[in-house]
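S.K.: task: produce atomic coordinates for the following.
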Amino acid sequence: MRTTIVLKTASVMAGLALVAACSGSPSADTPASSASAGDADAPATMDFWTWTTNVDKVVDIWNKQNPTQQVKVNKQAQGDEIITRLLTASKAGNAPCLVHAEYQALPVLVTNGVVTDLTATVDPVRSQFPEGTLALTSFGGKSFGIPQDVGPMMLYYRKDLFEKFGLEVPTTWDQFAEVARQLKQKDPKRSLTTFSAGDPGWFAGLAEQAGGNWWTNDADSWKVGINDEATKKMAGYWGGLVNDGTISGQPMYTPEWNAAMSDGSLLAWPSAVWGAGVLEGVAPSTKGKWAMAPMPQWNAGEQVTGFWGGSATAVSENCKTKPQAEKFATWLNTSPEAVQALVEEGGIYPAATAGQTGPALEKAPKMLPDDADFYDRASQIAQGARGFTWGPNVNVTYSTYTDEFQKAIQKKTDFAAALDQVQAASVADLEKQGFPVAK
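M.R.: Residues are numbered from 1 along each chain as shown. As a prediction, this is how the structure comes out:
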């Protein structure tokens, strides 16, 4: 499962403070967009900091084919720990050549000058990725990573219980709300789904689908729109359902949530492509009872979704063999043999479109054995996924979201007002850090 990160530690906050006013633009510490000078085929030994499962088996393929260009895997913890280490290593001038980073973490690495501009490297392979995916690695019109895996969002639902209660699978969010009310009338002890204040990455994916754009950078300043019209509409929708008792407001990934997913107290879960694997872990007794459908739409007939999770491969500014590192990063995320190996060995859902329907994904997930075309449909869904530019203080946004929405759920207050608090805290933090912020 590829979940999102919450950068909250004091060490990361200290790292963010390094940027100051002189780093107001995500490209301020990076060179102009051009291919790295040097011979991409020259001998090199490159360190790769990553957490991808069994990635060493994938790298072995490269090393056997490129005996003079060896990549050494250095397994790292996911989340704030690897970011803290990268910030420290970069400041000391000894960051690894190759960096595995979740999309939310890239702005921190960009604004601190840790990773290099890969626009010229990405341009020749742009057609291999949906534009919505490429947007996840883009800042100020430049690309700073090659997408590795993505988490397009979709809807999982208990088909047996939908049939039992005579419920139709919703295709719009208006229908979703109506189905939730129908279920409550038929069985007050059950809820269609839950809204989780503990999962800001989930909420961000819903905002992406709704058309939100939380951060925008024009190379001179940041514009923050966490409480933009699209996100407020989405937040208000969910707040109405929670506050009137139509759906649950319990957090995900707790023993209580696990039990509800197993015993049918919850019938649906807006999640991501990796959600099928989560179901296998939290509700194994329900194998064969789940099905997948595209996310309900805000406007009937559309095919839009957001992302929950995912990561990219970047190249550090400290790297003395950038052309070779860029060559490897491109191979890892676009060559058929590497992408297939990442799926088979690492269990990822690849960002490259061609890899989303390869032989490694022909079988349905174990929990959805009847969904033989699961990955074909997932690939179609991924084509309509939209991301937005992430800002350099996602940690503050995420932690404030959790605090404010927990209070809103407990007190049954307006979710839109909670969103205003997230906006205010995010802007205040950027200004405190010294970033120019457009009003």
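S.K.: which phi and psi does the residue most central in space within the chain have?
M.R.: Centroid-nearest residue in the chain: residue 309, 2.4 Å away (criterion: CA atoms, centre = their mean). Backbone torsions for residue 309, taken as degrees, to the nearest 10, come to phi 100, psi 170.
S.K.: how close does it get to residue 316?
M.R.: Using CB to CB, to the nearest Å, residue 309 is found at 23 Å from residue 316. Glycine gets a C-beta too; all of them are placed from N, C-alpha and C.
S.K.: ok, now residue 200?
M.R.: On the measure of CB to CB, residue 200 and residue 316 end up 27 Å apart.
S.K.: same thing with residue 85?
M.R.: 12 Å.
S.K.: swap in residue 374?
M.R.: Taking CB to CB, one finds residue 374 at 37 Å from residue 316.
S.K.: of those two, which one has the most company?
M.R.: More neighbours surround residue 316 than the other of residue 374 and residue 316, with 25 against 22 (other CB atoms under 10 Å).
S.K.: quick one, phi psi at that one?
M.R.: The phi/psi pair for residue 316 (degrees, to the nearest 10) is phi -80, psi 150.
S.K.: can you start the count at 40 instead of 1 from here on
M.R.: Okay, using 40 as the starting number, the last item reads as residue 355.
S.K.: give me the nearest residue to it, chain neighbours excluded.
M.R.: If the residues on either side of it in the chain are set aside, residue 355 comes closest to residue 134, at 4.2 Å by CB to CB, 6 or more residues apart in numbering.
S.K.: quick check: buried residues in stretch 384-398?
M.R.: 384, 385, 386, 387, 388, 389, 390, 391, 394, 395, 396, 397 (16 or more other CB atoms under 10 Å).
S.K.: was I right about residue 295 contacting residue 289?
M.R.: Yes - counting by CB atoms under 8 Å, residue 295 does reach residue 289; the two are 6.0 Å apart.
S.K.: burial measure for the residue nearest to residue 210 when sequence neighbours are not counted, as a count.
M.R.: Excluding the flanking residues, the one nearest residue 210 by CB to CB, 6+ apart is residue 335, at 6.1 Å. Look at residue 335: counted by other CB under 10 Å, it has 21 neighbours.
S.K.: next one: the one 10 residues further on
M.R.: Counted with other CB under 10 Å, residues neighbouring residue 345 total 28.
S.K.: so who does it touch?
M.R.: Residue 345 makes contact with 191-192, 243-249, 334, 424-426, according to CB atoms under 8 Å, 6 or more residues apart in numbering.
S.K.: can you put those residues in a markdown table and add secondary structure?
M.R.: As requested, the contacts of residue 345 are exported to a markdown table (DSSP: H, G, I helix; E, B strand; the rest coil):
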| residue | secondary structure |
| --- | --- |
| 191 | strand |
| 192 | strand |
| 243 | helix |
| 244 | helix |
| 245 | helix |
| 246 | helix |
| 247 | helix |
| 248 | helix |
| 249 | helix |
| 334 | coil |
| 424 | strand |
| 425 | coil |
| 426 | coil |
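S.K.: among those, who's most crowded?
M.R.: The contacts of residue 345, ranked by neighbours (other CB under 10 Å): first place residue 191, 32 neighbours.
S.K.: any idea how far that one is from residue 334?
M.R.: 9 Å.
S.K.: any shared contact partners between these two?
M.R.: 344, 345, 420.
S.K.: now tell me what touches stretch 124-139 from outside.
M.R.: Contacts for stretch 124-139 (CB under 8 Å, 6+ apart): 51, 54, 57, 83, 85-91, 110, 113, 115, 121, 140, 147-148, 151-154, 187, 350-361, 363-364, 367-368.
S.K.: how far does it stretch from start to finish?
M.R.: Start and end residues of stretch 124-139 are separated by 12 Å (CA to CA, to the nearest Å).
S.K.: give me the mean pLDDT for that stretch.
M.R.: The pLDDT scores in stretch 124-139 average 95.
S.K.: in it, what counts as buried?
M.R.: 124, 125, 126, 128, 129, 134, 135, 136, 137, 138, 139.
S.K.: tell me the helix or strand right after the lowest-mean-pLDDT helix or strand in the chain.
M.R.: In the chain, the helix or strand scored least confidently by mean pLDDT, DSSP states H and E is helix 49-56, which has a mean of 34. Next helix or strand after helix 49-56 toward the C-terminus (DSSP states H and E): strand 83-89.
S.K.: mind listing what's buried in that following strand?
M.R.: 83, 85, 86, 87, 88, 89.
S.K.: one more: stretch 227-239?
M.R.: 229, 230, 231, 232, 233, 234, 235, 236, 237, 238, 239.
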